[in-house]
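Visitor: Take a look and give me a structure for this.
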Amino acid sequence: MNLQELNNRYGKMSVEDRIISVYHDFDKVLFTSSFGTSAAILLHLVSRLRPEQKVHFIDTTYHFAETLEYRDELIELFGLQLENVRPVAWKNAFTREDRTWLKDPDLCCSINKVEPLEKIKPGYEVWMSGLMRFQNTERRARKIFEQSGDMLKFHPIIDFSKEQQNTYFEENQLPRHPLEKAGYSSIGCAQCTFKGSGRSGRWRNSEKTECGLHL
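Guide: Residues are numbered from 1 along each chain as shown. Reported below is the predicted structural model:
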């Protein structure tokens, strides 16, 4: 089945049916989560529909303490099987000593996010993540399935609106990320995340809008 056929077929499905179907159509599914402000939606869906699915979390060592606390809360609440993915220790230490995020944020993201995930991608057919089109301009053209190197990227909630996101949280009584109340709408590494609406608080005063994982 080619990309167009997949997108046409899955585009007619509910979000729940998309997630159920991907496990019928593919054998090896990689699921990553940032445990950010919208992460609980897909984590909740997958925990109900595919409870044995591992959740890979990229531990850059730069996360807010509140993100790690939220991660642990959701692990317990949803019964998640978590697998931490970490950067090479000496490279991570270099970025800390060098404060690479100030000089070359793309390199910092590459060392601490992109490279660690690249190591575990082989062997998987599909990579599932919780991107949504409304989150930024770069994501507006995203489809449910996209080709990414040798694997497919699968975005089952890509067409959720902000209103649908909020409704899902309310109807399922999902906990919110603790930093949302403080004015953070999108949350990544602590040194590169500031208060702001949408993704305006990410890499402030920079043209950078993505860490590199989803480009």
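Visitor: low pLDDT regions in this structure?
Guide: For the chain, the stretches with pLDDT under 70 are 136-138, 196-215.
Visitor: Could I get the full set of helices for it?
Guide: Under the criterion DSSP state H, the chain contains helices at 3-11, 15-25, 39-49, 65-78, 89-98, 100-103, 105-109, 115-120, 162-171.
Visitor: okay if I get those as JSON lines plus distance to residue 186 and mean neighbour count?
Guide: For the C-beta atoms, the positions are set from N, CA and C on the backbone; glycine is no exception. Output for the helices of the chain, formatted as JSON lines (distance: least, CB to CB, whole Å; neighbours: other CB atoms under 10 Å):
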{"stretch": "helix 3-11", "distance to residue 186": "26", "mean neighbour count": "14"}
{"stretch": "helix 15-25", "distance to residue 186": "21", "mean neighbour count": "16"}
{"stretch": "helix 39-49", "distance to residue 186": "11", "mean neighbour count": "21"}
{"stretch": "helix 65-78", "distance to residue 186": "12", "mean neighbour count": "17"}
{"stretch": "helix 89-98", "distance to residue 186": "21", "mean neighbour count": "14"}
{"stretch": "helix 100-103", "distance to residue 186": "16", "mean neighbour count": "14"}
{"stretch": "helix 105-109", "distance to residue 186": "15", "mean neighbour count": "20"}
{"stretch": "helix 115-120", "distance to residue 186": "19", "mean neighbour count": "15"}
{"stretch": "helix 162-171", "distance to residue 186": "12", "mean neighbour count": "13"}
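Visitor: May I see those helices organised as a markdown table, with distance to residue 33 added?
Guide: Converted to a markdown table, those look like this (distance: least, CB to CB, whole Å):
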| stretch | distance to residue 33 |
| --- | --- |
| helix 3-11 | 20 |
| helix 15-25 | 14 |
| helix 39-49 | 5 |
| helix 65-78 | 8 |
| helix 89-98 | 20 |
| helix 100-103 | 22 |
| helix 105-109 | 17 |
| helix 115-120 | 12 |
| helix 162-171 | 15 |
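Visitor: between the ones you listed, which one is nearest to residue 135?
Guide: Among these, the nearest to residue 135 by CB to CB is helix 162-171 (8.8 Å).
Visitor: follow-up on the earlier one: just tell me which of the helices of the chain ends up closest to residue 193.
Guide: Set against residue 193 and scored by CB to CB, these come closest in helix 65-78, at 9.4 Å.
Visitor: Check which helices and strands that closest one is in contact with.
Guide: The helices and strands touching helix 65-78, judged by 3 or more CB pairs under 8 Å, 6 or more residues apart in numbering; DSSP states H and E, are helix 39-49.
Visitor: Apply 10 Å and report the result again.
Guide: Applying 3 or more CB pairs under 10 Å, 6 or more residues apart in numbering; DSSP states H and E, one finds that helix 65-78 makes contact with helix 39-49, strand 54-58, strand 81-85.
Visitor: Turn those into CSV, columns for distance to residue 170.
Guide: Shown next, in CSV, are the helices and strands packed on helix 65-78 (distance: least, CB to CB, whole Å):
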stretch, distance to residue 170
helix 39-49, 11
strand 54-58, 23
strand 81-85, 26
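Visitor: Fine by me, we can end here.
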